[in-house]
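[1] Fold the following.
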Amino acid sequence: MLRRSLDDFYQHADEIELISTDVFDTLLLRHGKSQRSRIAVGEARFAHLLKERGLTIGKSELVRARLLAQKFAYRALNAGGGAGEVRLTDIIRSQLAVLSLPEDLVEERLAIELAVEKTALLANAALATLLRRYRQAGVRIVAVSDTGLSADRLGELINHFHGPGLIDGIYSSADAQASKRYGGLFSVVLETEAVSPSQILHIGDDMTADVRVPGAMGIKTVHLPRSRFDRYASRADGAATEAFRQIRQRLVHHGRDIPAPDDKISFGREVFGPIVAEFCLFIWLYATQAKANGDTALLFCARGGIGIREAFERVLQALGLPLDLKRDNVLISRLVAARSAVMTRSPAVLDELGREFQNKRFSDVAHALGGQSYELPDSWRQVFDPTRFFARLDTSAGQAVLDDIRQQNDLFTRHLEQISGGAKRIVLCDTGLYGSTQRLLAAGFPDRRFETIQFARCNYKGLSEDHFPMVSGLVVEQNLYNPLKVETVILRYWQIIESLFEPALPSVRQFSEGDDGVVVANSGDVRYGKLDPAAGNLLLSGALQYIDRIKSGAQVLDDADCAWLRLKQAITNPSKIDIMALGVGARSVDFGRSEVVHVLNRPQNTDLSKKLMSVKSHLWREGAIARDFPLLKPPLLAALEMAHVLRGVSARLYR
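    Residues are numbered from 1 along each chain as shown. Sure thing, here's the model as predicted:
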């Protein structure tokens, strides 16, 4: 490929004033070692260094914290539009903070990173020879890289393999906070080097970042892709490294038991405590990167976000985690978000209304959205058809409904402005699952950028997933339960997560203006510190007890591994204690309606066959089986587990 491209170089020699080259997998080549493999080697060296300093943090804890810091930083970067770059120093700083290690270790860990890279790279001698020929002919040579490393660190690696004098300048996305993939880094090169796009030739391995994007800007490009063997070798190495890490992690926790809970408080403390604390660490890792872009607010959604906020603030305090980011509790519900999308006539709201009000009447939808009782013509008593809803609102009869929707949306808009400080990037924090609130708010407020971080993300509604890139399930992102991923067990009993975090408050339906000009709602004052989310919630009370006594993130991650296994057992094969601890009362349907559903209905029939058929009506089927069929419990639960497994296999085969 390089020899074939040499003719093109000479053909354009008179036009080229600058050659830019990608660094990794172009100027510096890999030995087939994956990033995960290199991280494992680096953390093993770092663990040895820490041991010499009297700090007992193992390699596995270091690897896990590093991968988590990296994962959520890039999720936040991408959700924010991809502008900027995640700096490796920031990833290491977050890793150290989670593990309660001194921040002054950053430079030493970074030095280890470079030392590992020097063993995992080799010089692309053929490309270097070509670049030297052009440089001798008076063409300026620069390196342009999407990387978390600074230009100084990149220069150290390039000089290590090629010696000094090959490169005239280095452009790092970490320094410029602009990337090749979005074109910003090439714009920096054009401005700094004072050349036109037609005067640059760029060389690189990535079809998008090194060919399509610069090519669209008018820059000449040469594609030097990695060989298929190198790609497969790197993937295989990464998969093997990750598999070994997970096996080792399971062996470490095999046979380790947590104290047997005997009431809701102890279940919340021993089981949900580590799980909730782990979730809060994930929120912090995401939010730490989100704040790098500035003009960002982190808003915790009423109702579920209120309990999350309480746990989150306590984790920050317990571990001393800094977060200089505007954050507040927001009066929001799917109903409130739907009003904003109605005002912009978004098709997204028709999806939501069609699902929520299936077999209901137009008048039911009007009452929910407008918040009032209306004298409406007989046509509004017809079965609700989403495709005709906007036209109904535009009639004279619908005007009163539309006016009330507009008034309520105006009040919410003021509330949002008051608590967000006018930030354009809004990070919502909630329980989950589908992310309807984000989808509707994004449609209703196109001038702002809404994203959601939540406990889990799942398309249980079967609706569009176009908004999913802006919705992050920090703990679970799966549409179905997977026995091999223990955290997905919550999809079998999602109501327990909602019940865990939601305080005993009504859903937000109506706004009004307080005497001081502050917008208030029917749910009451949800500002942080104004209510106790754990009041009457024994599971959350126990979880907060655990959080108040934690000493490090390493302890949280370690405890969470065991807690997830115990929660899976409690959900899929519940004992009497588990049924007592995890049983929740009636759950509100919401969306402006007063209906409720029961997680565990009381059996209405004594006939065995009818009781068996009624299991499907329960939201927690395993709990119903354990409660109502103590003798048949083992085979029935085994059959239900197999049904879930087969369902998952079938979904993967036919997707």
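[2] Please count neighbours and contacts with C-alpha atoms only from this point.
    Will do.
[3] In stretch 488-501, which of the residues would be classed as buried?
    Buried residues in stretch 488-501, defined by neighbour count with 16 or more other Cα atoms under 10 Å: 488-501.
[4] brain fart, stretch 142-154
    For stretch 142-154, using 16+ other Cα under 10 Å, the buried residues are 142-151, 154.
[5] thinking again about what came up before, which of the buried residues of stretch 488-501 fall within helices?
    The helices, defined by DSSP state H, take in 495-501 from these.
[6] what's the helix or strand for P214?
    helix 213-216 (DSSP states H and E).
[7] Which neighbouring elements make contact with the helix or strand hosting R36?
    Per DSSP H and E: R36 is located in helix 35-52. Here helix 35-52 touches helix 59-79, helix 106-120, helix 228-253, going by 3 or more Cα pairs under 8 Å, 6 or more residues apart in numbering; DSSP states H and E.
[8] how does it look with 6 Å?
    Contacts defined by 3 or more Cα pairs under 6 Å, 6 or more residues apart in numbering; DSSP states H and E place helix 35-52 against helix 59-79.
[9] Contacts for the helix or strand immediately after the helix it packs on in the chain, please.
    Downstream of helix 59-79, the first helix or strand assigned by DSSP H and E is helix 88-98. Here helix 88-98 makes contact (Cα atoms under 6 Å, 6 or more residues apart in numbering) with 65-66, 69-70, 148-149, 553.
[10] Strands of the stretch 201-350 of the chain, start to end?
    Assigned by DSSP state E, counting those that start in this stretch, the strands in the stretch 201-350 of the chain fall at 220-223, 296-301, 326-330.
[11] what separates the longest one from the chain centre, distance-wise?
    Spelled out, it's strand 296-301. The chain centroid and the centroid of strand 296-301 are separated by 14 Å, computed with Cα atoms, centre = their mean, to the nearest Å.
[12] tell me the mean pLDDT over it?
    The pLDDT scores in strand 296-301 average 96.
[13] Now do that strand: everything it contacts.
    Outside strand 296-301, the residues that touch it by Cα under 6 Å, 6+ apart are 326-330, 332, 420, 423, 425-430.
[14] Now do the contacts for I332.
    Per Cα under 6 Å, 6+ apart, neighbours of I332: 301-302.
[15] repeat that with 10 Å
    299-303, 305, 412, 415-416, 437, 441, 507-509, 521, 523 (Cα atoms under 10 Å, 6 or more residues apart in numbering).
[16] And the pLDDT at it?
    95.
[17] same thing with A233?
    The per-residue pLDDT reported for A233 equals 59.
[18] where's the closest residue to A311 other than its chain neighbours, which helix or strand?
    Excluding the flanking residues, the one nearest A311 by Cα to Cα, 6 or more residues apart in numbering is L544, at 6.4 Å. Here L544, judged by DSSP H and E, is contained in helix 538-548.
[19] immediately after that helix, which helix or strand?
    Assigned by DSSP H and E, the successor of helix 538-548 is helix 553-572.
[20] any idea how far that next one is from the chain center?
    The answer for helix 553-572 is 20 Å, by Cα atoms, centre = their mean.
[21] what do you get for stretch 115-132?
    36 Å.
[22] ok, now stretch 88-107?
    On Cα atoms, centre = their mean, the centre of stretch 88-107 falls 21 Å from the chain's centre.
[23] Show me what the strand or helix carrying L428 is packed up against.
    L428 belongs to strand 425-430 when elements are defined using DSSP H and E. Counting contacts by 3 or more Cα pairs under 10 Å, 6 or more residues apart in numbering; DSSP states H and E, strand 425-430 packs against helix 59-79, helix 273-290, strand 296-301, helix 304-319, strand 326-330, helix 436-444, strand 449-457, strand 471-477.
[24] Direction included, what does that strand pair against?
    Partner strands and pairing direction for strand 425-430 (DSSP bridges) are strand 296-301 (parallel), strand 449-457 (parallel).
[25] shaky segments in this protein?
    Across the chain, the ranges flagged by pLDDT under 70 are 1-14, 227-258, 585-589, 592-608, 649-655.
[26] So which residue of it lies furthest out from the middle?
    Distance from the C-alpha centroid of the chain, by Cα atoms, centre = their mean, peaks at A137 (49.5 Å).
[27] Look up how far D168 lies from that one.
    Noted for A137: a distance of 14 Å to D168, by Cα to Cα, to the nearest Å.
[28] cool, S346 as well?
    In terms of Cα to Cα, S346 sits 52 Å off from D168.
[29] more neighbours, those two?
    S346 (17 against 12; other Cα atoms under 10 Å).
[30] and stretch 435-455, which residues are buried?
    435-445, 449-455.
[31] quick one, what contacts G268?
    G268 makes contacts with 261, 274-276, 500, 537-546, 581-582, as judged by Cα under 10 Å, 6+ apart.
[32] That should have said D168, apologies.
    D168 touches 135, 139-143, counting by Cα under 10 Å, 6+ apart.
[33] of the residues you listed, closest to N359?
    N359 has its nearest neighbour among these in A143, at 62.2 Å by Cα to Cα.
[34] Alright, that wraps it up for me.
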